[in-house]
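Enquirer: I need the structure of the sequence given here:
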Amino acid sequence: MTDGPEHVPVLLARIIELFTPAFADRDAVLVDATVGLGGHSDALLEAFPRLRLIALDRDPAALERSAERLAPHGDRVDFVHTVYDGLPEALDGLGLSRVDGILFDLGVSSMQLDRAERGFAYAKDAPLDMRMDPTTGFTAADVLNTYAPGELIRILRDYGEERFAQRIVRAVVNAREKEPFTRSGRLVELLYDAVPAASRRTGGHPAKRTFQALRIEVNGELEVLRRALPAALSALAVDGRIVVESYQSLEDRLVKQALAALAKSRTPEGLPVELPGHGPELRLLTRGAEKAGEGEIEHNPRAASVRLRAAQRIGEPR
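Expert: Predicted structure coming up:
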């Protein structure tokens, strides 16, 4: 498999640095909950010869590609076709109850964006699909053609933070009455007409927010992440570490809240000692969300929107 610059793993050196205390010179288990093309996992397996990897992905094509890339690591890798909230069942199936590291690299992958037939990229005319697992579920065309106007407005506002949601939905409803949506090119043309010219000049591509909203709805990304984070944190062994890379504010907010909640003491304020079982479970390893530097962004444009957060388990799950 050949990798172009679009396949460079984001913040790779920082991720290796964060995991080193949990993996160096010992037997350890890492779950890559979104293995994608396997870039992060390949580097981590190379850096830590005693590391075992559990590679999860909902996209069968991603598992196939990552299996090719990680083949040199032999039986150190187990692959599981599942959405990342299926992590507990994946570990149970492998006879594991605790792991030493968990990595989430969220959002749409380079491979999914590059394959026009998947319908993720608004720059390419393609079927309006957007399913990360193309073997199951409804498509973006189904959403556009069947959802009630109020639901479409909610999705664009909540998941795309789209200011012109009402204008866009009005145009979508009028257009779908004439002919159902099937391809992304027609939707992009509609969005160019629906979004005011002034906003197009200053707010980026007029399709960006709508495509993000549709993708999140089709794949249930926020609901899955809400379930996946507590499950992942419960599976993390004491001294184990979790690293999460988010690429939009809605994901990052969920990650921030999940980590912060377990990094706080539950002992009532004013008590002179920590009550047993009430201490923090996590220690935050990043101050806020870390971003990529200018050099990395120039080399790898996908890094421009990354927000990285990490934590270490310091106490048993409550």
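Enquirer: C-alpha from now on. contacts and neighbour counts both.
Expert: Noted.
Enquirer: how about the residue nearest to the spatial centre of the chain, nearest residue that isn't a chain neighbour?
Expert: Nearest residue to the geometric centre of the chain (CA atoms, centre = their mean): residue 106, 1.3 Å. Nearest non-adjacent residue to residue 106, counting by CA to CA, 6 or more residues apart in numbering: residue 246, 5.3 Å away.
Enquirer: measure that neighbour to residue 35 for me?
Expert: Applying CA to CA, to the nearest Å, the value for residue 246 to residue 35 is 14 Å.
Enquirer: give me the more crowded residue out of the two.
Expert: Counted by other CA atoms under 10 Å, residue 246 and residue 35 do not tie: residue 35 has more neighbours, with 30 against 21.
Enquirer: am I right that residue 35 sits in a strand?
Expert: No. Counting by DSSP: H, G, I helix; E, B strand; the rest coil, residue 35 falls outside a strand, being coil.
Enquirer: mind listing the strands for this structure?
Expert: 28-32, 51-57, 77-81, 99-105, 236-246, 282-284, 307-313 (DSSP state E).
Enquirer: starting at the chain centroid, how far to stretch 52-71?
Expert: Here the centre of stretch 52-71 is set off from its chain's centre by 16 Å, with CA atoms, centre = their mean, to the nearest Å.
Enquirer: tell me which residues of that stretch are tucked away?
Expert: Neighbour counts over stretch 52-71 (16 or more other CA atoms under 10 Å) mark 52-63, 65-67, 69-70 as buried.
Enquirer: below-threshold pLDDT in the chain: ranges please.
Expert: Residues of the chain meeting the criterion pLDDT under 70: 1-7, 108-120, 198-203, 270.
Enquirer: ok, now with 80
Expert: Scanning the chain for pLDDT under 80 picks out 1-7, 107-123, 197-204, 265-279, 318.
Enquirer: the residue sitting furthest away from the middle of it and residue 127, how far apart?
Expert: Taking CA atoms, centre = their mean, the residue of the chain most remote from its mean C-alpha position is residue 272, at 40.8 Å. According to CA to CA, residue 272 and residue 127 sit 62 Å apart.
Enquirer: equivalent analysis for residue 311, please.
Expert: Residue 311 is 40 Å from residue 127, by CA to CA.
Enquirer: of those two, who's got more company?
Expert: Between residue 311 and residue 127, counted using other CA under 10 Å, the more crowded position is residue 311 (23 against 19).
Enquirer: what residues are up against the residue nearest to that one when sequence neighbours are not counted?
Expert: Distances taken as CA to CA, 6+ apart place residue 284 nearest to residue 311, at 4.3 Å, with adjacent residues excluded. Residue 284 is in contact with 259, 260, 263, 310, 311, 312, counting by CA atoms under 8 Å, 6 or more residues apart in numbering.
Enquirer: what do you get if the cut-off is 10 Å, keeping everything else the same?
Expert: Residues near residue 284 by CA atoms under 10 Å, 6 or more residues apart in numbering: 241, 242, 259, 260, 262, 263, 309, 310, 311, 312, 313.
Enquirer: ok, what's across the strand from residue 309?
Expert: Counting by DSSP bridges, residue 309 is bridged to residue 244.
Enquirer: that one reaches residue 251, doesn't it?
Expert: No. Using CA atoms under 10 Å, residue 309 makes no contact with residue 251, being 11.3 Å away.
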